[in-house]
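In: Here is my input; please provide its structure:
(3 chains)
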Amino acid sequence: MPIIKTSEDRALRLGTGAFAVFVVLLVAGIGVVLTQQSVLSIRKFGLAFWTRSTWNPVSGEFGALPFIWGTLYSSLIALLIAAPIALGIAIFINEISPLKLRQPLSYLTELLAAIPSIVYGLWGIFVLVPIVRKLELLAPEWLKKVPLFTGPPLGVGMLSAGVILAVMVVPLTSSVAREILRGVPMTQREAALALGATRWEAIRIALGYGRTGIIGAVMLGLGRALGETMAVTMVIGNNPQVSTSLFAPQYTMAAVIANEFTEAADELYLHALIEIGLVLFLITIVVNALSRILTRRVVRA
Amino acid sequence: MDEVKITVRDFDFYYGTNKVLHAISLDIPKNRVTALIGPSGCGKSTFLRSINRMNDIIPGIRVDGKILVDDVDVYGSGIDVVSLRRRVGMVFQKSNPFPKSIYENVAYGLRINGLRDKRKLDEAVSRSLDRAALLDEVKDRLNASALALSGGQQQRLCIARALAVDPDVLLMDEPASALDPIATQKIEELVFDLKKNYTIVIVTHNMQQAARVSDRTAFFMLGKLVEYDDTRTIFMNPSVKLTEDYITGRFG
Amino acid sequence: MRKFKSNLIVALCGASVLLALVPLAMILFYVISRGFSALNWAFFTQTPKPVGEAGGGMGNAIVGTLILIVIAGVIAIPVGVLSGVHLAEFKGTRFSSMVRFAADVLNGVPSIVIGIFAYAIIVLPLKRFSAIAGGFALAIIVIPVVARTTEELLRLVPGGLKEAALALGATRAKAMFSVILPAALPGILTGILVALARVAGETAPLLFTAFNNRFFSTNVTQPIGSLTVQVFTYALSPYDDWIRQAWAGALVLVTMILILSIIARVATRRLERMARG
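Out: Down below sits the predicted model:
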């Protein structure tokens, strides 16, 4: 005899489910609405939109290559800087620091995450950019021949954007990495130590145990960096060009939307911007979904 | 023979495909204490929780056979689980007071049934606390948090809370297993007192406890009812060898 | 040698903590020192002066930010909390894992993209920027956070409480709303407060939803100013006085967020103590 569900249970399920469905509809809705609103650009340019680098609203020529390049490049720089630091912080707080320091240290790194993007941007223009410009001026002539460091020392540009993104990504990545390390059983480290391993060798065992999760933590940081808008907009120089130089002012997908959306007078222009938003949305969904899968598996184990 | 309150006939219980109770049949007398004993995992708690259908919240379960309370099949179609549980109260192994005041804990069952009248609530709260032998200890601090009470007091509060909705059956799932000997003794005295007004079914690990408080005892093993008789008979002169081995501590 | 390598790496880990604290210290230092000198009574009470004129303040933007948060809360709290209730109560179903996944995805969607969505479904049909559109965009950011926090906290409530309520004849819904949810409420409220504080610092989703407004406005169908957008506008301006005000705005913003976080912490502790008695 199966157990009968009462009608109140069904009411609870449907009543709260109606709100939960809203969450799913929002995600689907964003995809649908953004596609609808970028249809002019998609029809007119097709895939060429992503391979052309002319961005001329006046003549109606739209190619998004500089933006996708700038977004990927700046996020890559940010990750190269942030990943080792975030991992170092996670290791220090979880495995090395005296117990008394753990709480305040994790609180301080969380504080870094609470500071709004716009405040990072303000600090970026008036403090970080002048410092970066001084560093760029110090670069010797032979270094400026390397494609990474060509161009005039403006301060604003890819380097400043990468650094500011790195600062913003560190707290998220390190807190997820700490979560992963906390999930590694104590016995793993003890086994290594009992075999005569040094402190670092024991930590490496723990890192190896949680490696998929740590990759997930870094990817979560990547997802954040790809979509970050205000701080980058304020320091990257907003110049749609594809350049390998760290000194060159460039542009990102999020930044062009923030800067030009309210100026987009004709529909095609607006649709081109929304298409950039649509692709940004799709990229971040993939990156975030991957990182969730990687981190969840480890936390469960 | 006493008047029968609960009749169980060929009752089977499954977790998924796993059959954990096999054809249980017994009659539980009114206004008596019936103890369910047996080794861990023998199904005594599952059986207890079948009487007020607390197992319903576990997904994937299935039952066969009948459990009748006052001649009504609790698994019959059209049975309202909610009103069943009002008539068949339950006290759990781990005391579980709500994070509310003492007063609100006892009043909870009445409030969710729509009782708003402050005077009636007051009356019911103090009557229930009195029956649970807790009133004298808490009457000056009814608005204090229930979580501030000692373990034994919390358990008696849970009993008071169950009594407040005026059930006629009280199911107790090892109510004293987490308590010290003095608190345990208080609970046992309370159980003995309560049987004047309630039919009590108590699961216990502690055989002395079963011997002290109960009138009838059912011995369960591996999901089967091995023997069911007057407590005195079970402990002094069991008819099944298995029961005797268990009672005398030859396994367990 | 092995010992040396171990010590070196331990030292590097310590160094990375310091390295992360440098920007934190710098940001707080600059925001406080530059912001404080530009703060005065007029900053809180007056509206912006016309271009090039010194003086004025961000009173309208502060009120605007508060209005936007209230709109976001009104939309996001019921949706978020009830979704969380569903996730906690019906955790095993396929629908629940879909919702959980959607919430995590939504949490990772860049806020600027959410701004475009709000623009398309509210600004375009109404044919103007409005506080409602801005608040809606912020709500979308808050919903997944509230839903997941609610779910996690409900799961921390001991199962015995639910059993006790059901055994007294409560329905599942009654058990949830009269026992389980109240037991988790202090934590949930904190989560909501922190999420709203964070969202008060968002700029990108407001740029083309709430837009900006130089004047005091409480009309939710009109464009409205906000601290963040105002700071953005002033920071990129060529006027020293505006740049000083941008720092002051940043200081107010950071202070507001920190105070809300602290209130949230204190409130949880007090509520927990009350629950314990």
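In: ok, C:Leu227 - contacts?
Out: Counting by CB atoms under 8 Å, 6 or more residues apart in numbering or on different chains, C:Leu227 makes contact with C:Met58, C:Ala61, C:Ile62, C:Gly64, C:Thr65, C:Ala200, C:Gly249, C:Val252, C:Leu253. In short, each C-beta sits where N, CA and C put it, glycine included.
In: Show me which residues of stretch B:76-85 are buried.
Out: Under the neighbour-count criterion of 16 or more other CB atoms under 10 Å in any protein chain shown, stretch B:76-85 has B:Ile79, B:Val81, B:Val82, B:Leu84, B:Arg85 buried.
In: so the third one is in which element?
Out: Read that as B:Val82. Using DSSP states H and E, B:Val82 maps to helix B:81-87.
In: so after that helix, what's the next helix or strand?
Out: strand B:88-91.
In: Heading C-terminal from that following strand, find the next helix or strand.
Out: helix B:102-112.
In: is that next one up against chain A anywhere?
Out: No: figure legend: helix B:102-112 not in contact with chain A (CB under 8 Å from any CB of the partner chain); closest approach 11.4 Å.
In: Just list the residues touching the nearest residue to B:Leu36 once chain neighbours are set aside, thanks.
Out: Excluding the flanking residues, the one nearest B:Leu36 by CB to CB, 6 or more residues apart in numbering or on different chains is B:Lys44, at 4.1 Å. By CB under 8 Å, 6+ apart, the contact list for B:Lys44 reads B:Leu36, B:Ile37, B:Gly38, B:Val203, B:Ala218, B:Phe220.
In: gap between the strand or helix carrying the last one and the chain center?
Out: For B:Phe220, the host element (DSSP H and E) is strand B:216-221. Centroid separation for strand B:216-221 versus its chain: 14 Å, with CA atoms, centre = their mean, to the nearest Å.
In: Please name every helix or strand in contact with the helix or strand following that strand.
Out: Counting by DSSP H and E, the next helix or strand C-terminal to strand B:216-221 is strand B:224-230. For strand B:224-230, the elements it packs on are strand B:18-29, strand B:216-221, helix B:241-247, judged by 3 or more CB pairs under 8 Å, 6 or more residues apart in numbering or on different chains; DSSP states H and E.
In: report the angle between the axes of strand B:224-230 and strand B:216-221?
Out: Going by axes from the mean of the first three to the mean of the last three CA atoms, to 10 degrees, strand B:224-230 is angled at 160 degrees with respect to strand B:216-221.
In: Give me the mean pLDDT for the helix or strand following strand B:224-230.
Out: Note on strand B:224-230: by DSSP H and E, the next helix or strand toward the C-terminus is helix B:231-236. Helix B:231-236 shows a mean pLDDT of 94.
In: C-alpha coordinates for helix B:231-236, PDB please?
Out: Output of helix B:231-236 as PDB, limited to C-alpha atoms (Å, rounded to 0.1, in the frame of the first residue of the first chain):
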ATOM      1  CA  THR B 231       5.800  -8.200  31.500                       C
ATOM      2  CA  ARG B 232       6.100 -10.500  34.500                       C
ATOM      3  CA  THR B 233       5.800 -13.600  32.300                       C
ATOM      4  CA  ILE B 234       8.300 -12.300  29.800                       C
ATOM      5  CA  PHE B 235      10.900 -11.700  32.500                       C
ATOM      6  CA  MET B 236      10.200 -14.600  34.800                       C
END
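In: Tell me the residue of the stretch 1-150 of chain B that sits nearest chain C?
Out: Ranked by CB to the nearest CB, the top residue of the stretch 1-150 of chain B for proximity to chain C is B:Ser145, at 2.1 Å.
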